[in-house]
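In: Below are the sequence and a predicted model; questions follow.
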Amino acid sequence: MKISVFGLGYVGCVSAACLAARGHQVVGVDVNPLKVELVRSGRAPVVEERIGELTEEVVRSGALRATTDVTDAILDSDVSLVCVGTPSAPNGSLSTAFLERVAEQIGEALAQHPRRHTVVFRSTMLPGTCLDLLVPILEKSSGRTAGIDFGVAVNPEFLREGTSVRDFFDPPKTVIGEYDPASGDVVAELYEGLPGEVFRVGIPVAEMTKYADNSFHGLKIAFANELGSICHALGLDSHDVIDVFLADTKLNISPAYLKPGFAFGGSCLPKDLRGLVYAARRADVSVPLLSHVLPSNEEHLKRAFELIAQTGKRRIGLFGLSFKPGTDDLRESPLVELAERLHGKGFDLRIYDANVCLSRIMGANREYIEARLPHLGDLLSDSVEDVLSHSEVCVVGTKDPTVLQALQGTDRTIVDLVRMPDATERRHEQGYVGLGW
């Protein structure tokens, strides 16, 4: 294809050279004449592994050229990749000034384009930026309609500085946020044959994926560094500990625990987090990330309570009580905490959990429930139908098939804490509220 790439920084320069190396005809566009001149002479404007040799090769072959002329680039291409910067202010707010200016320039050039042209945004931007800000600018400045006269897509990059050329040809995934299927088809063709799964999603989802990735990367680094600081204070080599940690690909380095749901609880996680933070304090080690995990969990539980309270209804049916499905362990169960708050605030509460029978609870489990929810016997029912008939609001904390079956077709308000199997269909229905989706 014929491609124009706007912005010849790290992402734009690498994208232009790599796409040219894949056989496309590419023109790089930048307002900085020095960058344009460097590319024209076969030199990369950035320092990066392999990019110098690759740029020289594709410029010499005629597959890559550069210009400052937006109209020339648009009229000589079928698809544009926008790779301009979106710097942030100290308070975290994003500057979209460069994006807005480029969108306006591209729109003006689109007014003269004889064919359908697809505008693809590679720049990192918050959800809503493309549809609410950039598409209207493109339409206004071109006098044309997105999805009909020209295409629009968001295609976030996952390139690491230092290895970006390698990452381009061996991506972990390709994400295409498409305004319409035809726009998505154009982007998919750009990367055809490259490894990694391809996700064709809505534009706001594509915008958010980059933030999800980078936030988690930062979280992992901070976690490792805080753990290392504690290990050092306790006289341990943190790398010995992390080597063991990394060997667990079932829970630690895996998709486990990464699907949004309800708060965590149980006899291990809260206790061990408290213990580790206590050990850090005793060793005079500041661990702001680890020390805020339990408060973050508490905020999530509070969100669930507020969703229930906001319904304005008083008769509540809670389905599920144990901290983990298939067990009767109530110790530090977030559902017990939720039940305690609802009961304490005067809600008329009934509870069903197929695995919880008061007469069978014993030991530390019984001591815990007697301290936290002494009226459990009065609240607990062994009948799904009994709890359902009592309730104006059904709070779903379990995926027990009996419960899910009973809730099919109900006209009660549902507050879903576990993401029910039909949540995708329900989430736009009146009377259904999902926690985090």
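Out: Thanks, I have the structure now.
In: contacting residues for Thr311?
Out: Contact partners of Thr311, counting by CB atoms under 8 Å, 6 or more residues apart in numbering, are Glu392, Val393, Thr413, Val415, Val433. Yep, even glycine has a C-beta here, placed from its N, CA and C like the rest.
In: repeat for Pro127
Out: Taking CB under 8 Å, 6+ apart, one finds Pro204, Val205, Glu207, Met208 in contact with Pro127.
In: what's the answer for Tyr432, then?
Out: Thr413, Ile414, Asp416, Arg426.
In: Need the pLDDT of Thr86.
Out: pLDDT for Thr86: 91.
In: Bridged to Leu94, which residues?
Out: Ser88 (DSSP bridges).
In: Buried subset of the contacts of Pro127 as a PyMOL selection?
Out: Command for PyMOL that selects the buried part of the contacts of Pro127, burial taken from 16 or more other CB atoms under 10 Å:
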select buried, resi 204+207+208
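In: now the end-to-end length of stretch 424-433.
Out: 11 Å (CA to CA, to the nearest Å).
In: circling back to that earlier point, show me which of the contacts of Pro127 is closest to Val102.
Out: Set against Val102, the nearest of the contacts of Pro127 by CB to CB is Glu207 (16.5 Å).
In: and the closest one, that one's in a helix?
Out: Yes: assigned with DSSP: H, G, I helix; E, B strand; the rest coil, Glu207 falls within a helix.
In: surely it meets Leu131?
Out: No: judged on CB atoms under 8 Å, Glu207 makes no contact with Leu131 at a distance of 9.0 Å.
In: which strands and helices sit next to the lowest-mean-pLDDT helix or strand in the chain?
Out: Of the helices and strands making up the chain, the lowest-confidence element is helix 363-372, at a mean of 80, by mean pLDDT, DSSP states H and E. Judged by 3 or more CB pairs under 8 Å, 6 or more residues apart in numbering; DSSP states H and E, helix 363-372 is in contact with helix 334-344.
In: what's the following helix or strand after the helix it packs on?
Out: Note on helix 334-344: by DSSP states H and E, the next helix or strand toward the C-terminus is strand 348-352.
In: Give me the helices and strands touching that following strand, please.
Out: By 3+ CB pairs under 8 Å, 6+ apart, strand 348-352 packs against strand 315-319, helix 334-344, helix 376-379, strand 380-381, helix 384-390.
In: rank those by mean pLDDT and give me the bottom one.
Out: helix 376-379 (a mean of 85).
In: got the contact list for it?
Out: Contacts of helix 376-379 (CB under 8 Å, 6+ apart): Ala339, His343, Leu349, Arg350, Ile351, Leu358, Ile369, Leu373.
In: do the same with stretch 255-275
Out: 250-251, 290, 293-294, 297-298, 300-301, 304, 323-324, 329, 331-337, 364, 397, 417-419, 435-437.
In: From the chain's centroid, how far away is it?
Out: Distance of stretch 255-275 from the chain centroid (CA atoms, centre = their mean, to the nearest Å) equals 19 Å.
In: tell me the domain ranges of the protein?
Out: When the chain is parsed with automatic domain parsing, its domains come out as 2-205, 296-434.
In: Lowest mean pLDDT across those, which one is that?
Out: Lowest mean pLDDT of the domains of the chain: domain 296-434, a mean of 91.
In: Pull up the distance across that one, start to finish.
Out: 19 Å.
In: circling back: quick check, nearest of the contacts of Thr311 to Ala73?
Out: Proximity of those to Ala73 (CB to CB) peaks at Val433, which lies at 47.8 Å.
In: Go ahead and confirm the closest one touches Arg412.
Out: No: assessed by CB under 8 Å, Val433 is found out of contact with Arg412, at 11.7 Å.
In: Looking at these two, which is more packed in?
Out: Val433 (21 against 16; other CB atoms under 10 Å).
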